[in-house]
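>>> predicted model follows, preceded by the sequence.
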Amino acid sequence: MTGPTPEVDWLAPGTPVDLDNCAREPIHIPGSIQPRGVLLAVSEPELVVQQVSENLATLTGVRPEQALGRPLEEVLGVVPADLVARSASAFGDLRERNPVELMLEVDGTPVPVDAILHRAVIRPNDTGEGVTSLVVELEPARGPRPFSFPNTYQAVRGTIGELNRASSLEELYDITARAVRTLTGFDRVMVYRYDADYNGEVVAEARAEHLNSFLGLHYPASDIPAQARALYEKNWIRLISDVDYVPSRLTPVDHPGNGLPLDLTFSTLRSVSPIHLEYLKNMGVRASMSISLLRDDTLWGLIACHHYAGPHAPPYATRAAAEFLGSTLSLRLVDRAKEEETERALQVRSTLAWLTAATLDEDRPLADTLMGSPDLLDLLPADSVVVRLQGHTATRGAELPSGLAEAVAAWAAGRGADVVATDALPDQAPQLGAPLDLACGALVLPLPEGQFVLWVRGERVRQIDWGGDPHNKAIAEREGEEIRLSPRKSFDRWRETVRGRSEPWTGQQVAEANELRTHLLEALYARSRSIVRAAETLQRSLLTDPPQPGHLEIAVRYVPAAREAQVGGDWYDVFAQPDGSTMLVIGDVAGHDTEAAACMAQLRGLLRGIAYDSAQSPAQVLARLDAAIDGLGLGAMATVLVARLAHADDGSRVLRWSNAGHLPPLVVGPDGAQQVLSARGLMLGVEPTTDRTDTEAVLEPGSTLLLYTDGLVERRDQVFDDGVEQLQQLLAGLRQRPVEEVSDELLAGMLPAERTEDDVALVAVRLAG
């Protein structure tokens, strides 16, 4: 419950604010509110009034000096104060119960009021949670009553259905803009989207017929400073009902609990920056409202509402319904973006895996293998690509002037980076004479001995329509003897033509190119030696070291079979998820040698792309991987087990897993209790529509979990069950040893001295005691 980042050097109270210093204005502690309602800060649990807004009497009939230091019931009345107390003491988030519907009696007249509650931290306590003050904001009640979620949902039910049926982002934007305008009555409602630098673009608009259109206009990032964006990420809706309002100050100025201004980050009545009010007035706006659009708790855009005819104050119920629409749009945008990202990631992973596998074919020049089907333009879209590897050159796309590719590659090599990317090559390296139409942008992978991979893009001329000149965002006004910078007054369409730039290379594209570079280095190294050594290096590069979170001890092992090509289809994978859980994977592709290793690389990459940062269960991950095997025509068959190890609410660890034909994991508790996690389904690559199921088990602290492939337990002279039982007994006897030692002892105890049969992969996990 804190405001924007505390490291900012905030302006001292009373400092005049203009466009030079507005980014340092402490807008979360303005010391005043908008007077469409009143504010009281009260202690808990005593509910004694500590701070009030100066306009308190306008709604309660009680003057500020009469209210301070008195119980809330003496200010609002016994029944209203009791309703506030009961709501504040109930379990859960206060915002979920807002508003509290009160009936105040002022001069003998009943006045219906909406009370909006939140807590503001006033100082830290010994537990680190902070001492709070209950903030009670009172607004005259208007709109449907009693207020409830059904009322909110009823107001937007039809729109939710439209959003669910929308087939494009543009439809999502347009539906939301129209619905919010119909709901709130604002003259203009816009959906406003940020780019990576927080410049904004109006991507949808619903407006009164007499208004000119803002659709397609861009606004510079400085129009909404960073600390304002930080507030939008915390408090999702903000209403300015009248830009000409006179702020009602809080009294006393500082909260008596800490001697500091009250943090109004989550206040619905928070007074706003005078610079912002001036900006709105310069646009001719008399009232405004904004609703945050978030992706992963980060501000993605806004629903911006403007009113020109005069003050405009939608009631709380209407604002709640509009906020609900904004949240729904945010969820739909996130879903759509993740669908597109997942689809692209799967395609890129598949292409990269095919290219990586193709590099193992020493019968073809390496440069030619990268220009097969798929080729490097399928991995990274560009106008042309040039590859020079091991004395061979191959190209795709538009033909470049003679010697240009080599010159660009030499320039990139001189910069000392693994990947060099620019969307303005003629500006950064004018000596190269790169033609704009062919090579305005370049992405280069410099490789040893003058080798390289080079993608180039031609110039992309863009025209950006700004709402006013972005290079002249302020006007200078004299105030007495001082010159003050004020927001611009002209918001006429101002068109800027951007030349000398290609389509930019995204961070994801740079990362994918870097991954290709790693594989190419491995391929180049391998081709200087035997194909056996090359294949073994590739496989070991994919079987990376696991993460080591503080609550887990993890060890992994891979032992190739004793055959000519010491690679195969066995693999493991361990990676941490952003939510703190740990993904565990063990798999075995049917077949041996380089073909199985290449297929393993594809499946490992696809599975990572599907599972990482995903809310999907292990069964859903396996189902999508099976569908990808079928849809991409991989022709692979494999046994795979996917498990997610996560914290439960009671502090224990919950293992959820799904098994596609693999051997069952083993668990040994700290007391030696043994368990076989036997839930098994059909292997991958047989029937892509088969139903996959999840199974859960709670693991005690100190337990040891083992995932393994069949090479550890399968022998020609014994059945699987005997081998699993032997492994289980051996694991139980090693339960007190560190998992690195456990892994080595299991291999030593289970594998014969002369191994000739199969690869072995295993993952051992010890839960902290």
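Received the coordinates, thanks. Numbering: from 1, shown residues only.
>>> now the end-to-end length of stretch 437-450.
26 Å (Cα to Cα, to the nearest Å).
>>> so Arg249: helix, strand or coil?
With DSSP: H, G, I helix; E, B strand; the rest coil as the basis, Arg249 sits in strand.
>>> so what's it up against?
Gly31, Ser32, Ser53, Glu54 (Cβ atoms under 8 Å, 6 or more residues apart in numbering). Heads up, the C-betas are built off the backbone N, CA and C, glycines and all.
>>> 6 Å instead, please
Applying Cβ atoms under 6 Å, 6 or more residues apart in numbering, we find Arg249 in contact with Ser32, Glu54.
>>> run through the bridge partners of it.
Under DSSP bridges, the beta-bridge partners of Arg249 are Ser32.
>>> could I get the pLDDT score of it?
Arg249 carries a pLDDT score of 94 in this model.
>>> do Pro470 as well
Pro470 is given a pLDDT of 64.
>>> make 49 the starting number, not 1.
Yes, from this point I'll number from 49; that puts the last item at Pro518.
>>> how many neighbours does Arg334 have?
20 (other Cβ atoms under 10 Å).
>>> do I have it right that it meets Gly358?
Yes: applying Cβ atoms under 6 Å as the test, Arg334 and Gly358 come out as touching, 5.3 Å apart.
>>> show me the residue at the heart of the chain, geometrically.
The residue lying closest to the centre of the chain (Cα atoms, centre = their mean) is Asp344, at 3.9 Å.
>>> in stretch 84-102, which residues are buried?
For stretch 84-102, the neighbour count (16 or more other Cβ atoms under 10 Å) marks 84-91, 95, 97-102 as buried.
>>> quick one: end-to-end length of that stretch, please.
End to end - Cα to Cα - stretch 84-102 spans 12 Å.
>>> how far is it from where the chain is centred?
37 Å (Cα atoms, centre = their mean, to the nearest Å).
>>> what's the mean pLDDT across it?
94.
>>> which residues sit against that stretch?
Contacts for stretch 84-102 (Cβ under 6 Å, 6+ apart): 81, 103-104, 107, 112, 115-116, 118-120, 123, 133, 181-187, 289, 296-299, 303-304, 310, 317, 361.
>>> could you do stretch 694-706 as well?
So stretch 694-706 is contacted by 629, 666-667, 670, 690-693, 740, 742-747, 815 (Cβ under 6 Å, 6+ apart).
>>> with stretch 298-313 instead?
In contact with stretch 298-313 (Cβ under 6 Å, 6+ apart) are residues 51, 76-77, 79, 89, 98-99, 101-102, 112, 168, 170-171, 282, 318.
>>> quick one: the strands in the stretch 649-798 of the chain?
686-695, 701-708, 714-716, 722-724, 743-747, 752-756 (DSSP state E, counting those that start in this stretch).
>>> including mean neighbour count, could the ones you listed go into TSV?
Below are the strands of the stretch 649-798 of the chain laid out as TSV (neighbours: other Cβ atoms under 10 Å):
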stretch	mean neighbour count
strand 686-695	23
strand 701-708	22
strand 714-716	22
strand 722-724	15
strand 743-747	15
strand 752-756	25
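>>> in a markdown table, list the ones you listed along with mean pLDDT and distance to Phe234.
A markdown table is the format used below for the strands of the stretch 649-798 of the chain (pLDDT from 0 to 100; distance: least, Cβ to Cβ, whole Å):
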| stretch | mean pLDDT | distance to Phe234 |
| --- | --- | --- |
| strand 686-695 | 93 | 44 |
| strand 701-708 | 94 | 46 |
| strand 714-716 | 96 | 59 |
| strand 722-724 | 93 | 61 |
| strand 743-747 | 94 | 49 |
| strand 752-756 | 96 | 57 |
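>>> just send those back as a markdown table, with distance to Gly598 too.
Output for the strands of the stretch 649-798 of the chain, formatted as a markdown table (distance: least, Cβ to Cβ, whole Å):
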| stretch | distance to Gly598 |
| --- | --- |
| strand 686-695 | 12 |
| strand 701-708 | 13 |
| strand 714-716 | 21 |
| strand 722-724 | 25 |
| strand 743-747 | 16 |
| strand 752-756 | 17 |
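>>> indicate which one of the ones you listed is closest to Ser550.
strand 686-695 (40.1 Å; Cβ to Cβ).
>>> alpha carbons only: can I get the closest one in PDB?
Extracted as PDB, the C-alpha positions of strand 686-695 are listed here (Å, rounded to 0.1, in the frame of the first residue of the first chain):
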ATOM      1  CA  ALA A 686       8.500 -40.500 -27.200                       C
ATOM      2  CA  THR A 687       7.700 -41.200 -23.500                       C
ATOM      3  CA  VAL A 688       7.700 -38.000 -21.500                       C
ATOM      4  CA  LEU A 689       6.800 -37.100 -17.900                       C
ATOM      5  CA  VAL A 690       6.100 -33.400 -17.000                       C
ATOM      6  CA  ALA A 691       5.800 -32.300 -13.400                       C
ATOM      7  CA  ARG A 692       5.300 -29.000 -11.600                       C
ATOM      8  CA  LEU A 693       6.600 -28.700  -8.000                       C
ATOM      9  CA  ALA A 694       5.000 -25.800  -6.200                       C
ATOM     10  CA  HIS A 695       4.200 -24.400  -2.700                       C
END
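>>> what angle do it and strand 701-708 make?
170 degrees (axes from the mean of the first three to the mean of the last three Cα atoms, to 10 degrees).
>>> now strand 686-695 against strand 743-747, angle please.
Using the same axes, to 10 degrees: strand 686-695 against strand 743-747 is 50 degrees.
>>> run the angle between strand 686-695 and strand 752-756 for me.
Using the same axes, to 10 degrees: strand 686-695 against strand 752-756 is 160 degrees.
>>> what ranges do the strands span in the stretch 449-598 of the chain?
So, for the stretch 449-598 of the chain - with DSSP E, counting those that start in this stretch - the strands run 468-470, 489-494, 500-505, 510-515, 522-527, 530-535, 541-546.
>>> give me the contact list for the shortest one.
Pointing back at strand 468-470 there. Residues contacting strand 468-470 (Cβ under 6 Å, 6+ apart): Ala460, Gln476, Ala490, Leu491, Val492, Trp553, Val558.
>>> among the residues you listed, name the buried ones.
Using 16+ other Cβ under 10 Å, the buried ones in the contacts of strand 468-470 are Ala460, Ala490, Leu491, Val492, Trp553, Val558.
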